[in-house]
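Undergrad: pasting the sequence and the predicted coordinates here, then a few questions.
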Amino acid sequence: MAQARRVGGPAIVFTFDPHPVRILRPALAPPPLTWTDRKAQLLAELGVDLIVAYPTDEALLHLTDRQFFDSIVRGQLAARAMVEGPNFFFGRDRTGTIDVLRRFTAEAGMALEVVEPVMAGGEIVSSSRVRKLLSAGQIDEAREILTQPYRIRGMVTHGVGRGGRIGFPTANISAIDTLLPAAGVYAGCAVVQGERWPAAINIGGNPTFGEQTLKVEVHLIGFNGQLYGQPLEVDFLSRLREVRPFSGVEELKLQLNRDIAAALDIASAWNRAQGAG
């Protein structure tokens, strides 16, 4: 944004959709952390003017580094300045390095700023680090290096209805297209039609009832309404405990009451902090 102000133009984030690895080496493609619309929302909140989600196809991937720079950076974007990280590569076979980009931008009379990685806790902040934390269920640690809580989305589908029968109705979410955190019980918030609700989230099976199938179940605290067939987005704030079996329904209900109370406290504290910010 500082570079955009210097050259008198909009601050644009350029990204690929889908990630090139999904076309070149789909078996090695990591699960995404978010989706394009969410990226645009988060970047807009940070002050970015536009996001370009450039369609990735074979034609794009066959462009040389010079063709990519001349056709897209200069031709389509008419860029006047660029900001990149030190490990940026572009063009066919990743021949475009930062040094190559320095030469191209200098020849074009463009400013280039290479930004060193952000460090937190002595480690580089990166998508791979976030994935590792989420996969280990370390939601609190992941939240500390993200600008917003980690969010998933999906569609609410019918479950077996057991939660409602014991007094804890849940929304079962399917068709989740991003990385799922490790199995566990979490405190968070659910977003329904733009309105946020404190939530207790269970990822895993129901071992008390002998069910091992991985499910994502969300109890919206204080919500009364019908959610079947609707999209639901869920923010993760903190991990409460592991999924474990209980001796019976009564012991499970006692623990669920404790989970809900803890989730409500955490979500309320988060919302207060956001309001204060």
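TA: Arrived safely, thanks for sending. None of these values were measured; they are calculated from a predicted model. Residues are numbered from 1 along each chain as shown.

Undergrad: hmm, which helix or strand of the protein has the shakiest average pLDDT?
TA: For the chain, counting by mean pLDDT, DSSP states H and E, helix 162-165 ranks last in confidence among helices and strands (a mean of 68).

Undergrad: next secondary structure after it?
TA: Taking DSSP states H and E as the definition, the helix or strand that follows helix 162-165 towards the C-terminus is strand 171-174.

Undergrad: list the helices and strands that following strand packs on?
TA: Contact here means 3 or more Cβ pairs under 8 Å, 6 or more residues apart in numbering; DSSP states H and E; on that basis strand 171-174 packs against strand 150-157, strand 211-220, strand 231-241. (Each C-beta comes from the backbone N, C-alpha and C, glycine too.)

Undergrad: now do 7 Å
TA: strand 150-157, strand 211-220 (3 or more Cβ pairs under 7 Å, 6 or more residues apart in numbering; DSSP states H and E).

Undergrad: so what does the longest one touch, helix or strand wise?
TA: Helices and strands touching strand 211-220, as assessed by 3+ Cβ pairs under 7 Å, 6+ apart, comprise strand 171-174, strand 195-206.

Undergrad: go on, the shortest one?
TA: Of the remaining helices and strands, those touching strand 150-157 by 3+ Cβ pairs under 7 Å, 6+ apart are helix 139-145, strand 171-174, strand 231-241.

Undergrad: sorry, back to before: please name whichever of the helices and strands packed on strand 211-220 is nearest to R165.
TA: Put simply, out of the helices and strands packed on strand 211-220 the one that sits nearest R165 is strand 195-206, at 12.5 Å, with distance taken as Cβ to Cβ.

Undergrad: mind checking how far the closest one is from the chain centre?
TA: With Cα atoms, centre = their mean, to the nearest Å as the basis, strand 195-206 stands 17 Å off its chain's centre.

Undergrad: pLDDT weak spots in the stretch 51-200 of the chain?
TA: For the stretch 51-200 of the chain, the stretches flagged by pLDDT under 70 are 160-164.

Undergrad: if we can go back for a sec, what's the most buried one of the helices and strands packed on strand 171-174?
TA: Among the helices and strands packed on strand 171-174, judged by mean count of other Cβ atoms under 10 Å, the one packed with the most neighbours on average is strand 150-157 (a mean of 20).

Undergrad: what's it in contact with?
TA: Judged by Cβ atoms under 7 Å, 6 or more residues apart in numbering, the contacts made with strand 150-157 from elsewhere in the structure are 38, 134, 139, 142-143, 171-176, 178, 180, 216, 227-236.

Undergrad: swap in stretch 172-186?
TA: With Cβ under 7 Å, 6+ apart as the contact definition, stretch 172-186 has outside contacts at 31-35, 131, 134-137, 139, 152-157, 159, 200-204, 215-218, 232, 236, 238-243, 259.

Undergrad: and stretch 62-80, by the same measure?
TA: Contacts with stretch 62-80, where a contact means Cβ under 7 Å, 6+ apart, come from V7, G9, I12, F90, G91, R92, T95, G96, V100, F104, A108, M110.

Undergrad: what helix or strand does A262 sit in?
TA: Under the criterion DSSP H and E, the helix or strand holding A262 is helix 249-276.

Undergrad: okay, now the domains of the protein?
TA: Structural domains assigned to the chain are 2-116, 150-276, following automatic domain parsing.

Undergrad: buried members of the contacts of strand 150-157 into ChimeraX, please.
TA: Remark: buried members of the contacts of strand 150-157, expressed as a ChimeraX selection using 16 or more other Cβ atoms under 10 Å:
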select :38,134,139,142,143,171,172,173,178,216,227,232,233,234,235,236
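
Undergrad: need the helices and strands packed on strand 171-174 in TSV (columns: distance to G248).
TA: Output for those, formatted as TSV (distance: least, Cβ to Cβ, whole Å):
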stretch	distance to G248
strand 150-157	27
strand 211-220	15
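
Undergrad: looking at the ones you listed, spot the one closest to V249.
TA: The nearest among the helices and strands packed on strand 171-174, by Cβ to Cβ, is strand 211-220 at 13.9 Å.
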